[in-house]
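Colleague: Mind looking at a prediction? Sequence and model below.
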Amino acid sequence: MNIVSALLLSLFVALLITENYGYGYWMISRPIFAGPLIGLIMGDVKTGLAVGASVELMFMGVLPIGGSVPPNAQIAGVIGTIYAIQSNSPSLGISLALPIGILAQFLIMLAWNINIFIVHKSDKAINSGNTKKIELIHLSGILVFFLVFFIASFLAIYFGSDFVKNINDALPAWVSGGIEIASGLLPAIGMAMLLKMMDFKKYWPFFLIGFILSVYLELNVLAVSLLGLGIAAGIMSISKKDGERLSIEEDDEKEDGLIEKKDLRKVVLRSFFTMSTINYERYMSLGFNYAMIPILRKIYPDEEEYIKALQRHNEFFNCHPYTTNVVLGVATALEEQRAMGKLVTEETIASTKTALMGPLSGIGDSVFKATFMTIFAAIGAGLALNGNILGPIIFIVPNVTLNLLTRYFGVFWGYKFGVKLIVKMKQSDLIQKFVQGATIVGMMVTGSMVVNFVKIQLTATWVSGGKEIILQELLDQIFPSLLPLVITLLFYTALVKKKKAIYWLMIVCFIIGLAGKFFGIL
């Protein structure tokens, strides 16, 4: 690839991947969507679909929970797709995706550390109430992520593509075949990560149900997810106590406030940038401040009070980007009450934010990430692997819709109901039931995905009584999809015992693939 093409492609890649932190968390950089997009640009949509779907499955359970920075699926999917198209080898691109993702996590860590310096630069602007400077410093975090991704992408694309192609052309048949087998095993790592995240020990029966439905009834992931939804709803309905319901009562006479709908819309718009300066020290503190500025500037015309408000929102804050907006709405309501002279102290505002982070992060991570995104990614991947362009569309449309709705209603409902909403949810165990229902669906879908996406076939044969016996067919008659199930459960056990086992499991996949092909077993 010439330098101009590499520069242009790197610019697009960096802009695409930056969305994950810089501008909105839209999921457009996830492999299932970004892979076909890169394929379209490079003139090979089919390979983009195949690699994107495979890498998505591989990284299915590898999610950044809390402050963790795991191997990066976005960069792995994009660069893996480029390498696959350049070398004309989808299996090679897929197999390179995980090591690329591991290297990419260091890029994320670099950007997070640079942002610590940026956040400290904002302290002086906050203490002086310099709104424009605060905003400019925060938005510069987008440039940090973009530059880090651009430089790394250019080096990988310009210097790596030809190198990878030459390696692929020189590989012996057993090595290229072994790599292809390994690419079919790698999704088992993603499945195992999901099982670990969703409490397999407690919910394993639902995993087994999903597995059986796909093995013996040959149901696809969509059908299993719909059945799972029905089962979860039925269990929730049966366990519901008589007369139990969630009701949020509004005050009969609500005093006119200082905040208008247009002010809340500004908060919603700014919330898409709350992660632009995410860092290891205060995480999303500056982003939270950035989103609150229109509110604070309006309700505190006194400069001293305005600066105090900025300072109290300059403390540690971390929450899922979608559910952060509920906290923004609640904080807006509390700040408004304080500005109107009500008995709302600075400590009340700070403690409320801290109290909300935990349960709302739980919903965001377990429901939106581990379940909602997983279900549509699995459905989309199933279609994409068959060359159906609807696969990435089925993934992206629900996720973009979820992003918009949770941000909008999070701010408006958080402001309207304040802490009443969270109190009522805790009293009715709604959060716990919601997470439980989502986990049931997620477990069944994961069981189905093991059958549909983890690929390993025994090729060993022998002759007995003049008849050829194929080991895989014999095994399928006893227990279909036994090997994918066993491998996934073994990977899960390894991940439970050792947090960083993911790196060793990657090596194990390649050892199985190469050894199996070399000895003619797989």
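Modeller: Everything's here; your move. Keep in mind that what you see is a predicted model, and the values were worked out from it rather than measured. Numbers count the residues shown, from 1 in each chain.

Colleague: Can you show me the strands along the stretch 351-500 of the chain?
Modeller: Using DSSP state E, counting those that start in this stretch, the strands found in the stretch 351-500 of the chain span residues 461-464, 467-470.

Colleague: what's the last one packed up against?
Modeller: To tie it back to what came earlier, the one meant is strand 467-470. strand 461-464 (3 or more C-beta pairs under 8 Å, 6 or more residues apart in numbering; DSSP states H and E). Placement of C-beta: from N, CA and C, glycine included.

Colleague: Show me what the strand it packs on is packed against.
Modeller: Counting by 3+ C-beta pairs under 8 Å, 6+ apart, strand 461-464 packs on strand 467-470.

Colleague: for the strands of the stretch 351-500 of the chain, which one sits closest to residue 390?
Modeller: strand 467-470 (35.1 Å; C-beta to C-beta).

Colleague: which residues of the stretch 201-350 of the chain score low on pLDDT?
Modeller: Low-confidence segments of the stretch 201-350 of the chain, defined by pLDDT under 70: 240-256.

Colleague: can you give me the helices in it?
Modeller: For the stretch 201-350 of the chain, the helices defined by DSSP state H, counting those that start in this stretch cover 221-239, 261-271, 285-299, 303-312, 324-339, 346-363.

Colleague: repeat for the stretch 51-200 of the chain
Modeller: For the stretch 51-200 of the chain, the helices defined by DSSP H, counting those that start in this stretch occupy 73-87, 90-128, 131-170, 173-185, 187-197, 200-216.

Colleague: how about the CA coordinates for the first one, as PDB?
Modeller: Translated: helix 73-87. Extracted as PDB, the C-alpha positions of helix 73-87 are listed here (Å, rounded to 0.1, in the frame of the first residue of the first chain):
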ATOM      1  CA  ALA A  73     -11.700  -5.200  20.100                       C
ATOM      2  CA  GLN A  74     -12.100  -2.100  17.900                       C
ATOM      3  CA  ILE A  75      -8.500  -1.800  16.800                       C
ATOM      4  CA  ALA A  76      -8.200  -5.600  16.600                       C
ATOM      5  CA  GLY A  77     -11.200  -5.800  14.300                       C
ATOM      6  CA  VAL A  78     -10.200  -2.900  12.000                       C
ATOM      7  CA  ILE A  79      -6.500  -3.800  11.600                       C
ATOM      8  CA  GLY A  80      -7.300  -7.500  11.400                       C
ATOM      9  CA  THR A  81      -9.700  -6.800   8.500                       C
ATOM     10  CA  ILE A  82      -7.200  -4.700   6.700                       C
ATOM     11  CA  TYR A  83      -4.600  -7.400   7.000                       C
ATOM     12  CA  ALA A  84      -7.100 -10.100   5.900                       C
ATOM     13  CA  ILE A  85      -7.900  -8.100   2.700                       C
ATOM     14  CA  GLN A  86      -4.300  -7.200   2.000                       C
ATOM     15  CA  SER A  87      -3.100 -10.800   2.400                       C
END
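
Colleague: quick one: it to helix 187-197, angle?
Modeller: Inter-element angle recorded for helix 73-87 and helix 187-197: 170 degrees (by axes from the mean of the first three to the mean of the last three C-alpha atoms, to 10 degrees).

Colleague: what angle do helix 73-87 and helix 90-128 make?
Modeller: The directions of helix 73-87 and helix 90-128 differ by 140 degrees, with the same axes, to 10 degrees as the criterion.

Colleague: if we can go back for a sec, between the helices of the stretch 201-350 of the chain, which one is nearest to residue 155?
Modeller: helix 285-299 (29.0 Å).

Colleague: measure stretch 356-371 end to end?
Modeller: Taking C-alpha to C-alpha, to the nearest Å, the first and last residues of stretch 356-371 lie 21 Å apart.

Colleague: Can you list the buried residues in that stretch?
Modeller: 356-357, 359-371 (16 or more other C-beta atoms under 10 Å).

Colleague: again, but for stretch 17-30
Modeller: By 16+ other C-beta under 10 Å, the buried positions in stretch 17-30 come out as 17-30.

Colleague: Show me the contact partners of that stretch.
Modeller: Applying C-beta atoms under 8 Å, 6 or more residues apart in numbering, the external contacts of stretch 17-30 come out as 16, 33-34, 37, 56, 73-75, 77-78, 108, 111, 141-142, 145-146, 149, 153, 272-273, 275-276, 278, 321-322, 373, 377, 395-396, 399-400, 403.

Colleague: repeat that with 6 Å
Modeller: Under the criterion C-beta atoms under 6 Å, 6 or more residues apart in numbering, residues 16, 74, 142, 145, 146, 149, 272, 275, 276, 321, 399, 400 lie in contact with stretch 17-30.

Colleague: Need the per-residue pLDDT for the third one.
Modeller: Spelled out, that is residue 142. Looking at residue 142, its pLDDT reads 95.

Colleague: so it sits right up against residue 277, yeah?
Modeller: No. Between residue 142 and residue 277 there is no contact under C-beta atoms under 6 Å: 8.8 Å.

Colleague: which one of the buried residues of stretch 356-371 is nearest residue 181?
Modeller: Distance to residue 181 across those (C-beta to C-beta) is lowest for residue 370, with 28.1 Å.

Colleague: Quick check: the closest residue to that closest one other than its chain neighbours vs residue 446, distance?
Modeller: Once flanking residues are discounted, residue 370 sits nearest to residue 197: 5.1 Å by C-beta to C-beta, 6 or more residues apart in numbering. Residue 197 is 10 Å from residue 446, where distance means C-beta to C-beta, to the nearest Å.

Colleague: quick one: which of the two has more around it?
Modeller: Comparing residue 197 with residue 446 by neighbour count (other C-beta atoms under 10 Å), the higher total belongs to residue 446, at 33 against 23.

Colleague: Next one, pLDDT for the closest residue to that one other than its chain neighbours please.
Modeller: Nearest-residue entry for residue 446: residue 194, 5.0 Å, with adjacent residues in sequence omitted and distances by C-beta to C-beta, 6+ apart. Looking at residue 194, its pLDDT reads 78.

Colleague: Residue 194 against residue 447, yeah?
Modeller: No. Judged on C-beta under 6 Å, residue 194 makes no contact with residue 447 at a distance of 10.2 Å.

Colleague: Mind listing the shared neighbours of the two?
Modeller: Joint contacts of residue 194 and residue 447 (C-beta under 6 Å, 6+ apart) do not exist.

Colleague: per-residue confidence for residue 438?
Modeller: On the pLDDT scale, residue 438 gets 75.

Colleague: which ones are touching it?
Modeller: Contacts of residue 438 (C-beta under 6 Å, 6+ apart): 367, 371.

Colleague: Quick check: the gap between it and residue 379.
Modeller: 16 Å.

Colleague: same deal with residue 336?
Modeller: From residue 336 to residue 379 the distance is 42 Å (C-beta to C-beta).
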